[in-house]
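**Student:** Compute the structure for the input listed below.
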Amino acid sequence: MPAVLSPVYNNLKKRGRFLMKKAISLAAASVLSLSALTAMPSAYGAEEAAADYLLSCSFEDGEQGWAGRGTASVESTDRAYFQGSRSLYCSGREENWNGASYALGSSFAPGTAYSFSANVMYDTGRDETMFHLTLQYDLDGKTNYDKIASETFSKGKWGHLANTSFNIPSGAEGISVYVETDSGNSDFYVDEVRIAAAGTEIEGAKGGKFLLGDINSDGAVDTFDLAAARALIISDNRDADHVKAADVDRSTEFEVNDLVLLQDFLFGKINEFPDNAPEPVIPPFDYEENKQFKTAPNDYFNACSQQGKVTKETYNGIRGSKTLHVYTPYNYDPSQKYNIFYLMHGGSENENTLFYQNDTMIQNLLDHMIMNGELEPLIVVTPTFNGNGSKAENFYEELRASVIPFVEEKYSTYAESTSEEDIRASRMHRAYGGFSMGAVSTWAVFQNDLDLVGYFMPLSGDHWTGSDANEKARNLANAINKGGFKKNQYFIFAATGSADMAYPNVNPQIEAMKPLDEFIYTSDFSKGNLYFLVAQGYEHTWRQVRHYIYNALPYFFHETGE
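**Tutor:** Just a heads-up that it's a prediction; the model follows:
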C-alpha cells in the first residue's frame, strides 16, 4: 500500500478498517476469494428437474432442423459446447441479423405463451456483445421481429437467453425463432435450446453477462461483489476479467475510488456508475506535403472478401421524388458514428454510375481500402442532380433541404439529429465531391453550403460562378469570409489529368486561389487547406478519375477545425 493515501481512501480507512478485515474474511470463508472466483462453474449441473419440453435441441446428433439466416451457415461442432459434447456453430455472418434460425411449425399455437431458453457463447471480436433470441412471424401481410430475450455477454463465456412467459401473437404465421446479435458479425455457438409451457423455469448458463460491479460473474451486483472487490484491492493476483468488472468507472484502473463507488451504489447513494473512460488517443495522420499521384492496385476494383453494402433509397425532396444509393461499410454498426461522403456523378450519368458501371466499381475500391486499413470505415452516398429542375449548379439547395436530412436521419453519422444546428455542428465529418459536372456541383456546395460540409473533392471540373478564374476564386473566398470560417475549418483536395479536357479551366482557377489569404496550398492538411493533384496523361474518364478518389479520400476527416 503506498505511503501517501488518497483523500478518498483515507476517508474509507477511517470509516471501516475493521469492516474491511471482516469483509476479507467473509470473502475467503464464502468461497469468494480470487481463486474461488476463477473456479466457479459457468454451467448448471447435469441433473436437472424433470420438465416436459416442447422443443429440446442439444445438437449432439446434428443441426436438428436449425439453419443459417442470411449469409450465415450452421453446423454441429465439438469445438465448444455448454453441455454434452457438441453445440451448434454459426459462422459466415455479414450482418448482425444473420444468425441461427429454427422454424417452429404448427406445434406452437399463436396466442399462446411459452417459456424460451437458449445458451450462447462467442470467442472472437469485441469484449462484450448483446445477443437476441428473436421471434419472426408474418401477420396481416407484414413480417415482424419481436425480441424474446436480450442480454449482453462477455467474450468466451456461456450466457443464458431466457424468458419464462413470451406470447406468440394471435394470428401469427410462418413462425420461427432465431439467435442474432445487436451489432457485429462474430461467429457464435448455440447450445441447449429449449421451449416449454409458460412459467417453466429452464436452467441455463450461470453468469456470462457483463455487468460493471459484477465481480463474481453471477449476473447480479450485490454485497458479495463488494466483499470480492475488497479482497481484490489488496491482492497481487488480479484476474483481468475480475478487474474489468471491478473498474466500475471504466478508468482502465481498478482503484480505491472504484471500491467506494461500488459501495455507494449498493447503499443507494448513487443510481449509476460515472463514466471516466479516457478519450482514445488518435495518432496524427501521416500527410505528405506534396502528395504525388499513384494508381490504386489493380485488384482493388475486383470484388473484396469483406464487402460493404449498397442500398437504394427513395426520398421526396424539394424537387420531387428521387433515388440515391448509400454505401455502408463491411460490418456496419448503427450504434457507431461514421463519417459521410456525398459523391456526385458527371453529365449524362446518374446515381447508378458510381456503383453499377464497370469503369467505376467504387464499392470494390472502398471495400479494399477499408479492409487494408487505408481508409476508416465510412458511409458514401451517390445522389443525382437529374430531374425536376435540378442541375449541378443548384443541387446545393437540394443537398441542404432534402438529401442530408433524409440520409442522416436513417444512417448513423456524427449528426446528433437532422436539425440544421446539429448538421452544422457535424460538418467536419461530412465531405462532398464529384466528377466533371459533379465537380461543378462541388464548387457550388462550397460557395453555398460551407456551413454544412468541411471537406471537398472536385474532380476534373471548375467553378461556374464567375466570368474568369480570378472572379471564381474570389467568390469562393467570399463564401469563407461570409461564414466566418478559420483556415483549418475547410479543406479542398482537387484533382484532374494533364490531358483532361477540364484541365485548361480548373488549373487557372486553382492558380488564382493560391495567392488568396483564405487558402494555404499543401496536401498536409495539418498546415494548409488546398491541394491540386495532377495525373500526367490522364483524361476525362471514370476509369482514370476513380484513382483520384484512392489518393484523396484518405486525407479527409482528420482535422477537427478546433
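**Student:** can you give me the helices in the chain?
**Tutor:** For the chain, the helices defined by DSSP state H occupy 7-29, 34-39, 223-233, 240-246, 256-266, 353-356, 362-371, 395-398, 404-410, 420-425, 437-448, 469-483, 503-513, 542-552.
**Student:** Now do the third one: which elements does it pack against?
**Tutor:** With contacts defined as 3 or more Cβ pairs under 8 Å, 6 or more residues apart in numbering; DSSP states H and E, helix 223-233 has these neighbours: helix 7-29, helix 34-39, helix 240-246, helix 256-266. C-beta: built from backbone N, CA, C; applies to glycine.
**Student:** again, only this time at 6 Å
**Tutor:** Contact analysis of helix 223-233 by 3 or more Cβ pairs under 6 Å, 6 or more residues apart in numbering; DSSP states H and E lists helix 7-29, helix 256-266 as its packing neighbours.
**Student:** Going by mean pLDDT, which of the ones you listed comes out lowest?
**Tutor:** Lowest mean pLDDT within these: helix 7-29, a mean of 40.
**Student:** burial count for F82?
**Tutor:** By the criterion of other Cβ atoms under 10 Å, F82 has 25 neighbours.
**Student:** is it true that it touches N119?
**Tutor:** Yes - between F82 and N119 a contact is recorded at 4.5 Å, counting by Cβ atoms under 6 Å.
**Student:** which residues do those two both contact?
**Tutor:** W158, D191, E192 (Cβ atoms under 6 Å, 6 or more residues apart in numbering).
**Student:** In strands only, show me the residues you listed.
**Tutor:** Under the assignment DSSP state E, the shared contacts of F82 and N119 contribute D191, E192 to strands.
**Student:** Make a ChimeraX selection of the buried ones in the shared contacts of F82 and N119.
**Tutor:** Only the buried entries of these go into this ChimeraX selection, using 16 or more other Cβ atoms under 10 Å:
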select :158,191,192
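**Student:** could you redo the shared contacts of F82 and N119 as a markdown table and give each row pLDDT and distance to A113?
**Tutor:** Below are the shared contacts of F82 and N119 laid out as a markdown table (pLDDT from 0 to 100; distance: Cβ to Cβ, whole Å):
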| residue | pLDDT | distance to A113 |
| --- | --- | --- |
| W158 | 93 | 26 |
| D191 | 97 | 24 |
| E192 | 96 | 21 |
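**Student:** wait, which of the shared contacts of F82 and N119 is closest to Y550?
**Tutor:** W158 (44.6 Å; Cβ to Cβ).
**Student:** Grab the nearest non-local neighbour of that closest one.
**Tutor:** Leaving aside its chain neighbours, W158 sits nearest to A205 (3.9 Å; criterion: Cβ to Cβ, 6 or more residues apart in numbering).
**Student:** How many neighbouring residues does that neighbour have?
**Tutor:** A205: 26 neighbours (other Cβ under 10 Å).
**Student:** State the distance from it to S154.
**Tutor:** To S154, A205 is 11 Å away according to Cβ to Cβ, to the nearest Å.
**Student:** Check N144 too.
**Tutor:** Where S154 is concerned, N144 sits at a distance of 30 Å (Cβ to Cβ).
**Student:** Neighbour count: these two, which is higher?
**Tutor:** It is S154, of N144 and S154, that has more neighbours when counted by other Cβ under 10 Å, with 22 against 12.
**Student:** Spit out the contact partners of that one.
**Tutor:** Going by Cβ under 6 Å, 6+ apart, S154 touches E128, F210.
**Student:** ok, what's across the strand from it?
**Tutor:** Beta bridges link S154 to E128, judged by DSSP bridges.
**Student:** Look up the pLDDT of it for me, please.
**Tutor:** 85.
**Student:** For H558, see how far away it is.
**Tutor:** Counting by Cβ to Cβ, the gap from S154 to H558 is 34 Å.
**Student:** go on, G156?
**Tutor:** 35 Å.
**Student:** for this structure, where's the lowest mean pLDDT among helices and strands?
**Tutor:** helix 34-39 (a mean of 37; mean pLDDT, DSSP states H and E).
**Student:** H558: what's its closest spatial neighbour, skipping adjacent residues?
**Tutor:** F285 is the one closest to H558 (Cβ to Cβ, 6+ apart), at 4.1 Å.
**Student:** just T418 next, same as before
**Tutor:** P405 (4.2 Å).
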